[in-house]
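Peer 1: Predicted coordinates and the sequence they were generated for:
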Amino acid sequence: MLFLELAFIFFSRVIDVSMATMRMLLIVKGKRLQVALIGFFEVIIYIVVLGRVVNSLDKPLNLLVYALGFATGNYVGMYIEEKLALGYIAVQVIPSEHDFEIIDKLRDNGYGVTVLEGMGKAGLKHILTVYAPRKELTKILDLVGELDTKAFTAIMDAKKTLGGYYRQQNKGK
């Protein structure tokens, strides 16, 4: 019976905190309805589990398992969010070499590339910007890395994008 109580506290807290992590990430992305729905269930789980722990403060193991569930929930929430890769990113690349080859390679793979000129310490540089679904970040970095392992790359979260060109998804994949 003690094991079931501890398992309930632990797993409920993992679920609760994972939901909180997802909720916070969705807040940043402006997903109001999803945030409200997650928040509703999150707070119910939180209150039920907290009530069990607070009403049994004479059992320090419950508190320890509650804290362990919190820590694990943060990890699990971040893992889930990473796997879902929600939203869009802006990838800025400042190549150290092979500028035009990188531009061509990205465009050949279906990415829209905006090219600006900037002045760096060593002179004129090209600044390449690609907006893409976040789940494609690894592919973009791999394409750039094949030609220029020393390219400076900055990745920014794009809260919202409108218009422009995005990589065409092949529906047959």
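Peer 2: Received, thanks. On a predicted model such as this, the values are computed, not experimentally measured, just so you know.
Peer 1: Show me how this structure divides into domains.
Peer 2: 2-84, 88-158 (automatic domain parsing).
Peer 1: Figure out the length between the terminal residues of the longest one.
Peer 2: Just to be clear, that refers to domain 2-84. Domain 2-84 has an end-to-end distance of 35 Å (criterion: C-alpha to C-alpha, to the nearest Å).
Peer 1: any chance of the domains of the chain in CSV, with mean neighbour count and distance to residue 164 too?
Peer 2: The C-beta positions use only the backbone N, C-alpha and C, and glycine is treated the same way. Below are the domains of the chain laid out as CSV (neighbours: other C-beta atoms under 10 Å; distance: least, C-beta to C-beta, whole Å):
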stretch, mean neighbour count, distance to residue 164
domain 2-84, 15, 18
domain 88-158, 15, 6
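Peer 1: Now mean pLDDT too, for those domains, in CSV please.
Peer 2: Below are the domains of the chain laid out as CSV (pLDDT from 0 to 100):
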stretch, mean pLDDT
domain 2-84, 92
domain 88-158, 93
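Peer 1: Let me see the ranges of the helices in the chain.
Peer 2: Using DSSP state H, the helices found in the chain span residues 2-28, 32-54, 60-84, 99-108, 137-147.
Peer 1: With distance to residue 154 as new columns, can those helices be given to me in TSV?
Peer 2: Formatted as TSV, the helices of the chain follow (distance: least, C-beta to C-beta, whole Å):
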stretch	distance to residue 154
helix 2-28	18
helix 32-54	28
helix 60-84	19
helix 99-108	15
helix 137-147	12
